[in-house]
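S.K.: Sequence plus predicted model, see below.
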Amino acid sequence: MRIRNIAIITLAILLPLSVQAQKKKKKVRKTTPVVVVEEPKEDPRITEMREATQQIVFIDSVVVAKNHFLSSIRLNQESGTITTYDQFFRSQEHPDGYVFLNEMGNKCYFSKTDDNGQTGLYTSDKLGMEWSEPSPVKGISEGITEANYPFMMTDGTTFYFAAKGQESIGGYDIFMTRYDSDNGRFLKPENIGMPFNSEANDYMYVIDEISNIGYFVTDRRQPADTVCVYTFIPPTSRRTYSLDSYSDEQLRAFADISCIANTWGNGSERKQALERLKNINSNTIIQQPNSDLEIIINDQVSYTSVRQFRSPESLPLYNQLTDAKKKLAEIQNTLEKSRTYYTKANAVDKKTLRTEILDGEDEILRLTYQVSDLEKRIRNAENRIINPSK
């Protein structure tokens, strides 16, 4: 009995404690874990390049198809010639290759793809009437996996090209190197930085020292197979933007070439450069990548290069001839389409088309006469030099 009483008393003591413990037990509320997303850090090289962006005056820009950008680059003959591999060597072996020919016409640098599919730079010298076997450009392979778009300055030492590799910040970047005549090879290439390089592809850097005009090709902010060709004033020394005078946003705009008008200053330098550019356009041959030049001068002489012109009259005449032939081809193409559509057109459209066709035929006659006249004037100008007694 006594034991029973003790058990009852014990239960009476423990029961409130158990209830109290249950009351204190709280329901644990589930919480959604916080996910911290770290923004990708910018490549330190890009930050460093941006802070060292070069001050450049961009004169103008034009957007063109990538495989025709050479038509927007015009050089005095003294600065050399740029063309495509297939035109220069008359070969379809390297359709993406480009060739730089020096002003003397006796040394060239070009790109071609090897058996492993890698595009590299090669050089060749003209010996008599033949070109020597191509040899790789020595000294530029360190940190470079692919190279193209060569250009040599008139000093025969300063060399620009575009390349992919460890020193590139994205796709092709433009590099500069110099030839070391003592060792017979080029020095290690240097990335020329911003604004010429970006995380997009930056292809070609060309300087016409005679007219102090530069060209630069990039596909930044462009649709596929399209590039922008910028015209700029080559700097005499490297000047960068002061970090104290410009905000980070402004530096980014200069580095990305967001607005070329922001580089004009008071506009006087640009105005002078545009005049120089106009003179290049009227006195130099347009770089045309897919056209063969052949002009018959007389029964014994025919030219296959504008470098063969001897008369100062011939080059401007040839530029006019090229433009006339281009217009003639365009009008002939348009006229053919109009004639095809004419057979299916209604009476109202036929009346309009009839006028267009007649005007087109008149324009073709005029241009055909102009082409013939220009060819004759070029022949006469050259023959006066070749045969002065006649």
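M.R.: In hand now; what should we look at? Numbers count the residues shown, from 1 in each chain.
S.K.: was I right about residue 171 contacting residue 200?
M.R.: Yes - in this structure, residue 171 is within contact of residue 200 by Cβ atoms under 8 Å, at 6.0 Å. C-beta coordinates here come from the backbone N, C-alpha and C atoms, glycine included.
S.K.: Now do residue 72 against residue 48, distance only.
M.R.: Relative to residue 48, residue 72 is positioned 31 Å away (Cβ to Cβ, to the nearest Å).
S.K.: Who has more neighbours out of the two?
M.R.: The neighbour count for residue 72 versus residue 48, taken as other Cβ atoms under 10 Å, is higher for residue 72 (20 against 11).
S.K.: got a list of what the more buried one touches?
M.R.: Listed by Cβ atoms under 8 Å, 6 or more residues apart in numbering, the contact partners of residue 72 are 62, 64, 215, 229.
S.K.: can you do 7 Å?
M.R.: Each residue near residue 72 by Cβ atoms under 7 Å, 6 or more residues apart in numbering is listed here: 62, 64, 229.
S.K.: Pick the one among those closest to residue 100.
M.R.: Using Cβ to Cβ, residue 229 comes nearest to residue 100 of these, at 16.6 Å.
S.K.: Now that closest one: closest residue in space, sequence neighbours ignored.
M.R.: residue 72 (4.2 Å; Cβ to Cβ, 6 or more residues apart in numbering).
S.K.: And that neighbour, how far from residue 230?
M.R.: Using Cβ to Cβ, residue 72 is found at 10 Å from residue 230.
S.K.: domains for the protein, by residue range?
M.R.: The record's domain split for the chain, according to automatic domain parsing, is 46-283, 295-386.
S.K.: re the thing from before, turn the contacts of residue 72 into JSON lines, including neighbour count and secondary structure.
M.R.: Formatted as JSON lines, the contacts of residue 72 follow (neighbours: other Cβ atoms under 10 Å; DSSP: H, G, I helix; E, B strand; the rest coil):
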{"residue": "62", "neighbour count": "12", "secondary structure": "strand"}
{"residue": "64", "neighbour count": "16", "secondary structure": "strand"}
{"residue": "229", "neighbour count": "21", "secondary structure": "strand"}
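S.K.: For residue 222, state which of those is nearest.
M.R.: residue 64 (9.7 Å).
S.K.: Wait, the closest one touches residue 223, no?
M.R.: No - shown here, residue 64 and residue 223 do not form a contact pair, counting by Cβ atoms under 7 Å, at 11.7 Å.
S.K.: Need the contacts of residue 72 in TSV (columns: pLDDT and distance to residue 338).
M.R.: Below are those laid out as TSV (pLDDT from 0 to 100; distance: Cβ to Cβ, whole Å):
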residue	pLDDT	distance to residue 338
62	92	29
64	91	27
229	96	33
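S.K.: Now distance to residue 298 too, for these, in a markdown table please.
M.R.: Formatted as a markdown table, these follow (distance: Cβ to Cβ, whole Å):
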| residue | distance to residue 298 |
| --- | --- |
| 62 | 39 |
| 64 | 37 |
| 229 | 38 |
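S.K.: of all these, which comes closest to residue 339?
M.R.: residue 64 (30.2 Å).
S.K.: That closest one and residue 151: what is the separation?
M.R.: The gap separating residue 64 from residue 151 is 18 Å, by Cβ to Cβ.
S.K.: Likewise for residue 138?
M.R.: 18 Å.
S.K.: what's the answer for residue 160, then?
M.R.: Counting by Cβ to Cβ - residue 160 and residue 151 are separated by 5 Å.
S.K.: how deep is residue 359 tucked in, by neighbour count?
M.R.: The number of residues near residue 359, taken as other Cβ under 10 Å, comes to 12.
S.K.: and it, how far is that from residue 365?
M.R.: From residue 359 across to residue 365, the span is 11 Å (Cβ to Cβ).
S.K.: ok, back up a step: so of the domains of the chain, which one's packed in deepest?
M.R.: Ranked by mean neighbour count under mean count of other Cβ atoms under 10 Å, the domains of the chain are led by domain 46-283, which reaches a mean of 17.
S.K.: chain center to that one: distance?
M.R.: 7 Å (Cα atoms, centre = their mean, to the nearest Å).
S.K.: Lowest average confidence across helices and strands of the protein, where is it?
M.R.: Sorting the helices and strands of the chain by mean pLDDT, DSSP states H and E puts helix 2-24 at the bottom, at a mean of 54.
S.K.: can you give me the helices in the chain?
M.R.: With helices called from DSSP state H, the chain shows them at 2-24, 44-51, 85-89, 248-256, 268-283, 314-342, 347-386.
S.K.: between those helices, which one is nearest to residue 210?
M.R.: For residue 210, the closest of the helices of the chain is helix 268-283, at 8.2 Å, according to Cβ to Cβ.
S.K.: Helix 314-342 and the closest one, what's the angle between them?
M.R.: Angle, helix 268-283 to helix 314-342, by axes from the mean of the first three to the mean of the last three Cα atoms, to 10 degrees: 80 degrees.
S.K.: Give me the residues contacting helix 268-283.
M.R.: With contacts defined as Cβ under 7 Å, 6+ apart, helix 268-283 is touched by 57, 59, 74, 76, 208, 211-213, 231, 233, 264, 315-316.
S.K.: what about the closest residue to residue 240 other than its chain neighbours, distance to residue 197?
M.R.: With Cβ to Cβ, 6+ apart as the criterion, residue 240 has its nearest non-adjacent residue at 5.3 Å, and that residue is residue 52. Using Cβ to Cβ, one gets 11 Å for the distance from residue 52 to residue 197.
S.K.: picking that back up, overlap of the contact sets of residue 160 and residue 151?
M.R.: residue 205.
S.K.: Contacts only, for the residue nearest in space to the middle of the chain.
M.R.: Central residue of the chain (Cα atoms, centre = their mean): residue 217, 2.2 Å from the mean position. Listed by Cβ under 7 Å, 6+ apart, the contact partners of residue 217 are 69, 203, 204, 227, 229.
S.K.: Go ahead and confirm residue 120 touches residue 135.
M.R.: No - when contacts are counted by Cβ under 7 Å, residue 120 is not listed as touching residue 135 (11.0 Å).
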